[in-house]
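**Q** Dropping the sequence and predicted coords here.
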Amino acid sequence: MTATTIVFDLDGTLIDTAPDLVESLNHTIATRDLQPVGYEDLTHLVGQGARVMIQRAFALRGAPLPDEDIPALLDCFIDHYEAGMPGKSRPYPGLVEALERLRAAGFRMAVCTNKMERLALPLVERLELTSYFTAIAGGDTFAFRKPDPAHILATVERAGGTPDKVLMIGDSINDILAARNGDIPSIAVNFGYSDVPVEELGASHVIGHFNELTVELVERLTR
Ligand SMILES: O=C(O)COP(=O)(O)O
Ligand SMILES: [Mg+2]
């Protein structure tokens, strides 16, 4: 019997990246004299990767952003974010213990994030989490990304899992919608960066701490 593949989102699910995202974003928009955004703005800004985050920050400040200006701003963000990594970003409480017990129970685990692969890989590596995951796919790894369920399924395939035995765990609409669109059971975590209450996302289950992510829960949701 093939083991279930547990697919985790990254920002706001495995790792609390908010302080560094906000800092790098503010560094980037300051080059255009825009006022800094706050932590409370982040839930509206993250989710679709750095390019969209920059575009949304300009929109939030009512500043025009011609397409041809985006590459330089994106480079500015990437350079700043990469240089500081892992900065203040940390795994959420109880994560490592949860990964340990799920690995011991034989589950295959993978990461499916809309963050660029070149940022996701070193972040996971510098927080010493890489060895838990059989595959790590970013928002630019394939030609599609969350909320397209193909992103989850291609990640599972890369991890050597089977598409009918998958559990998606995420913090926001993209994750849960991708799961729902693919008929995949899902868990929403309530400690991430959703701009709506996670109970409204339509996940199969909601957790408030990784100590609730038990082997029994995974088995029950993927039966
Ligand atoms: O960085 C983003 O915008 C989204 O990243 P996530 O898919 O890991 O939440
Ligand atoms: Mg997320």
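**A** Happy to help now that I have it. Numbering: from 1, shown residues only. Ligands and ions are numbered 1, 2, ... in the order given.
**Q** tell me which parts of the chain are close to ligand 1?
**A** 9-12, 46-49, 53, 113-115 (Cβ under 6 Å from any ligand atom). Backbone N, C-alpha and C define where each C-beta goes, glycine included.
**Q** which residues touch Ala159?
**A** Contact analysis of Ala159 by Cβ atoms under 8 Å, 6 or more residues apart in numbering lists 5, 108-110, 133-135.
**Q** mind listing the helices for the chain?
**A** Per DSSP state H, the chain carries helices over the ranges 18-30, 39-45, 49-60, 70-84, 95-104, 117-126, 149-158, 173-181, 215-222.
**Q** which residues are in contact with the first one?
**A** Contacts made with helix 18-30 from outside it, assessed by Cβ under 8 Å, 6+ apart, are listed as 11-12, 36-39, 42, 45-46, 53-54, 57-58, 61, 73, 76-77, 80-81, 84-89, 193.
**Q** Determine which residue belonging to this protein approaches ligand 2 most closely.
**A** Gly12 (3.8 Å; Cβ to the ion).
**Q** Let's test this: mean pLDDT of stretch 8-25, rounded?
**A** When pLDDT is averaged over stretch 8-25, the result is 98.
**Q** same question, stretch 201-215
**A** Computed over stretch 201-215, the average pLDDT equals 98.
**Q** Please pull out the lowest mean pLDDT helix or strand from this protein.
**A** helix 39-45 (a mean of 93; mean pLDDT, DSSP states H and E).
**Q** quick one: that helix near ligand 2?
**A** No. Between helix 39-45 and ligand 2, judged by Cβ under 5 Å from the ion, nothing touches; the nearest distance is 10.0 Å.
**Q** mind listing what's buried in that helix?
**A** For helix 39-45, the neighbour count (16 or more other Cβ atoms under 10 Å) marks 41-43, 45 as buried.
**Q** Which of these sits closest to Val124?
**A** Of all these, Val124 sits closest to Leu42, with 20.1 Å by Cβ to Cβ.
**Q** Tabulate the buried residues of helix 39-45 (TSV), appending distance to Ser204.
**A** Formatted as TSV, the buried residues of helix 39-45 follow (distance: Cβ to Cβ, whole Å):
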residue	distance to Ser204
Asp41	30
Leu42	26
Thr43	22
Leu45	27
